[in-house]
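> Structure for the following, please:
(one chain, ligands or ions: 1)
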Amino acid sequence: MILPIRIIGAGLAGSEAAWQCARRGVVVELCEMRPVRSTPAHQTADFAELVCSNSLKSDSENTAPWLLKEEMRRAGSLLLEVARHCAVPAGHALAVDRNTFAAKVTEIISREPLIHIKREEITRIEETQITIVATGPLTSDALSREIARLSTNPGEDPGAAPHLYFYDSISPIVEADSIDMSKVYLAARYDKGTADYINCPMSQDDYDRFYDALVSAQSVEEREWEKLNYFESCLPIEEIARRGRDTLRFGPMKPVGLRNPRTGQQPYAVVQLRQENLRADSYNLVGFQNHLKFGDQALVLRLIPGLENARFLRYGQIHRNTYINSPTLLTDTLQMKRHSQVLFAGQICGVEGYVESIATGLMAGVHAAALSVSNEPVPPPRPTAFGSLIHYITKADPRRFQPANITFDLLPPLETRIRDRQERHRRQCQLALSQFDKWLDQIGTTAAPIALK
Ligand SMILES: Cc1cc2nc3c(=O)[nH]c(=O)nc-3n(C[C@H](O)[C@H](O)[C@H](O)COP(=O)(O)OP(=O)(O)OC[C@H]3O[C@@H](n4cnc5c(N)ncnc54)[C@H](O)[C@@H]3O)c2cc1C
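Below you'll find the model as predicted:
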């Protein structure tokens, strides 16, 4: 007998999980609360909405994000295929037109006969039904309480559940025709790859003026400021700036390798803008996530050369990021240790990033589909990117657990020591992919072509 699967959340992880279940012949009930109830970050009712940057990270061969994407491609990821279909120029990165991407995913999922869509906020998880919880960093409050209940032993206080969160922030977006193109230039760092980024060059005077305005601008919820627990790799610019006058010049405003063709010189600092959509009518300020008050934000950002008259389509914002303590709660097949029919996927299971969320959705879909036909789910091998990501979230120190992106640090070292970094990474990728192919054979999966028009 094939048991139906319930998936809660049709974001990145939930949409991919639903597709993986359906392509294995399993009936899915996909529950999405939008538009009935929205989140503070989503703006549409579409599935798989990208709420901030439009980048799915590096596509350069033998980098860790590439390896994860390559494994996903081999495993037949729907969302990755759609992303390639909606790609916009972004140098070495895979970036997408976010509207086309979400619309296409929604269309494909909606026309799949095995996927039944329910637009409703889910507040209860039935432990005996195969369920994938993929409600993301902005999981609704009622469901968060339910997850806390499932994470505690009977009689324990759910308020003390190993259930965590931190704060994260998003970057502003400007309209392309409000950028003064006479002051900016297109370039790729070190002239590598195509010159897809718009660079706003700053002299030392420009930088000083910008810096002083930034550190004196008002943040939203300023009194809460000290209490906020930020994710280190996604700090707001004003927080980076507070760490020292030059910290931004060594971070998101690093000018190295970005020679200005008009002057032949490297500027003192640079703000980079990345294309947002296929029409190239909007750009996001790379690494400029912040939580300044909107009025102050406009004043500060308009001090950037080229953005004096910028029109903002979205301002930087701050948001909560909910995730569970996976090392305590999950097995290496993303099942709850105490409720084996309940699986977690996406940002809530402790991965960080779009691609990692899609990847864990794919994996939870594969495992849930196995459970539905009474098969034992088989975890991916440790040397693979999938295996390493899942190894991290299930084996990290639970006391200091923080969500992670895929990096080579998560992959196991090779048996032989190779000093050359590039060669070492190439060999790690080669090993990972050969092991991944064997695993795909073992579980009987192929990258079935997906017809996209
Ligand atoms: C504001 C913000 C900015 C981010 N920026 C980036 C970025 O630039 N780059 C990056 O790589 N990652 C970013 N992330 C992190 C992460 O990659 C994204 O949040 C990603 O969308 C996570 O995918 P997901 O599938 O886990 O969750 P989501 O894509 O958020 O999907 C979860 C879905 O569950 C639904 N839902 C929630 N509760 C319920 C319920 N009770 N019942 C039914 N449905 C429910 C939501 O409406 C949503 O559609 C950001 C996160 C946030 C919140």
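> can you pull the contacts of the closest residue to residue 367 other than its chain neighbours?
Setting aside the residues directly before and after it, residue 367 is nearest to residue 377 in space (CB to CB, 6 or more residues apart in numbering), at 3.7 Å. Every residue, glycine included, has its C-beta placed from N, CA and C. The contact partners of residue 377, taken as CB atoms under 8 Å, 6 or more residues apart in numbering, are 333, 335, 366, 367, 370, 371.
> The first one and residue 153, how far apart?
In this case it means residue 333. Separation of residue 333 from residue 153 (CB to CB, to the nearest Å) stands at 22 Å.
> higher neighbour count, those two?
A side-by-side neighbour count of residue 333 and residue 153, using other CB atoms under 10 Å, places residue 333 first with 21 against 7.
> burial measure for whichever residue of the stretch 1-150 of the chain sits closest to the ligand, as a count.
Across the stretch 1-150 of the chain, the shortest distance to the ligand (CB to the nearest ligand atom) belongs to residue 11, at 1.6 Å. The tally of other residues near residue 11 (other CB under 10 Å) stands at 31.
> Could you do residue 339 as well?
Other residues near residue 339 number 16, with proximity taken as other CB under 10 Å.
> Grab the nearest non-local neighbour of it.
Spatially, and ignoring its direct neighbours in sequence, residue 339 is nearest to residue 127 (4.5 Å; CB to CB, 6+ apart).
> The residue of the stretch 1-150 of the chain closest to the ligand touches residue 50, doesn't it?
No. Shown here, residue 11 and residue 50 do not form a contact pair, counting by CB atoms under 8 Å, at 9.5 Å.
> thinking again about what came up before, tell me the SS of the residue nearest to residue 339?
For residue 127, the assignment made with DSSP: H, G, I helix; E, B strand; the rest coil gives coil.
> who's in contact with it?
By CB under 8 Å, 6+ apart, the neighbours of residue 127 are 150, 339, 341, 342.
> What does the pLDDT read for the residue nearest to the third one when sequence neighbours are not counted?
With sequence-adjacent residues excluded and distances taken as CB to CB, 6+ apart, residue 341 is closest to residue 130, at 5.0 Å. Per-residue confidence for residue 130 comes out at a pLDDT of 98.
> OK, contacts around residue 130?
Counting by CB under 8 Å, 6+ apart, residue 130 touches 3, 4, 5, 6, 341, 343, 368, 371, 372.
> Phi first, then psi, for it.
With angles defined as degrees, to the nearest 10, residue 130 sits at phi -70, psi 120.
> what does the stretch 201-350 of the chain put close to the ligand?
The stretch 201-350 of the chain comes close to the ligand at residues 319, 346, 347, 348, as judged by CB under 6 Å from any ligand atom.
> What strands line up against the helix or strand the first one falls within, and which way round?
Looking back up the chat, that one is residue 319. Residue 319 belongs to strand 317-324 when assigned by DSSP states H and E. When sheet partners are counted by DSSP bridges, strand 317-324 sits next to strand 163-170 (antiparallel).
> Residue 89 touches residue 194, doesn't it?
Yes. Contact criterion CB under 8 Å: residue 89 and residue 194 qualify, at 6.3 Å.
> For these two, indicate the residue with more neighbours.
residue 89 (15 against 11).
> show me the contacts for the more buried one.
Neighbouring residues of residue 89 by CB under 8 Å, 6+ apart: 95, 194, 196, 275.
> can you put those in a markdown table and add secondary structure, pLDDT and distance to residue 79?
Formatted as a markdown table, the contacts of residue 89 follow (DSSP: H, G, I helix; E, B strand; the rest coil; pLDDT from 0 to 100; distance: CB to CB, whole Å):
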| residue | secondary structure | pLDDT | distance to residue 79 |
| --- | --- | --- | --- |
| 95 | strand | 96 | 14 |
| 194 | coil | 82 | 24 |
| 196 | coil | 86 | 22 |
| 275 | strand | 89 | 20 |
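> need the next SSE after the lowest-mean-pLDDT helix or strand in the chain, C-terminal direction.
For the chain, counting by mean pLDDT, DSSP states H and E, strand 163-170 ranks last in confidence among helices and strands (a mean of 64). Note on strand 163-170: by DSSP H and E, the next helix or strand toward the C-terminus is strand 173-175.
> outside of that next one, which residues touch it?
Residues external to strand 173-175 that are found in contact with it (CB under 8 Å, 6+ apart): 273, 276, 281-285, 307, 310-314.
> Which positions in the stretch 351-453 of the chain make contact with the ligand?
Residues of the stretch 351-453 of the chain lying near the ligand by CB under 6 Å from any ligand atom: 353, 354, 357.
> quick one: the second one and residue 91, what's the gap?
To tie it back to what came earlier, the one meant is residue 354. 17 Å.
> Between the two, which has more neighbouring residues?
When residue 354 and residue 91 are compared for neighbours, residue 354 comes out ahead with 25 against 19, by other CB under 10 Å.
> before we move on, the earlier item: could you identify the buried members of the contacts of residue 130?
Among those, those classed as buried by neighbour count (16 or more other CB atoms under 10 Å) are 5, 6, 341, 343, 368, 371, 372.
> mind listing what the first one touches?
Under the criterion of CB under 8 Å, 6+ apart, the contact partners of residue 5 comprise 21, 26, 27, 28, 29, 130, 131, 132, 368, 369, 372.
> export the contacts of residue 130 to JSON lines and tack on distance to residue 398, secondary structure and pLDDT?
Converted to JSON lines, those look like this (distance: CB to CB, whole Å; DSSP: H, G, I helix; E, B strand; the rest coil; pLDDT from 0 to 100):
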{"residue": "3", "distance to residue 398": "31", "secondary structure": "coil", "pLDDT": "83"}
{"residue": "4", "distance to residue 398": "33", "secondary structure": "coil", "pLDDT": "92"}
{"residue": "5", "distance to residue 398": "28", "secondary structure": "strand", "pLDDT": "98"}
{"residue": "6", "distance to residue 398": "27", "secondary structure": "strand", "pLDDT": "98"}
{"residue": "341", "distance to residue 398": "23", "secondary structure": "coil", "pLDDT": "98"}
{"residue": "343", "distance to residue 398": "19", "secondary structure": "strand", "pLDDT": "98"}
{"residue": "368", "distance to residue 398": "24", "secondary structure": "helix", "pLDDT": "98"}
{"residue": "371", "distance to residue 398": "25", "secondary structure": "helix", "pLDDT": "97"}
{"residue": "372", "distance to residue 398": "30", "secondary structure": "helix", "pLDDT": "96"}
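> With that, I have no additional questions.
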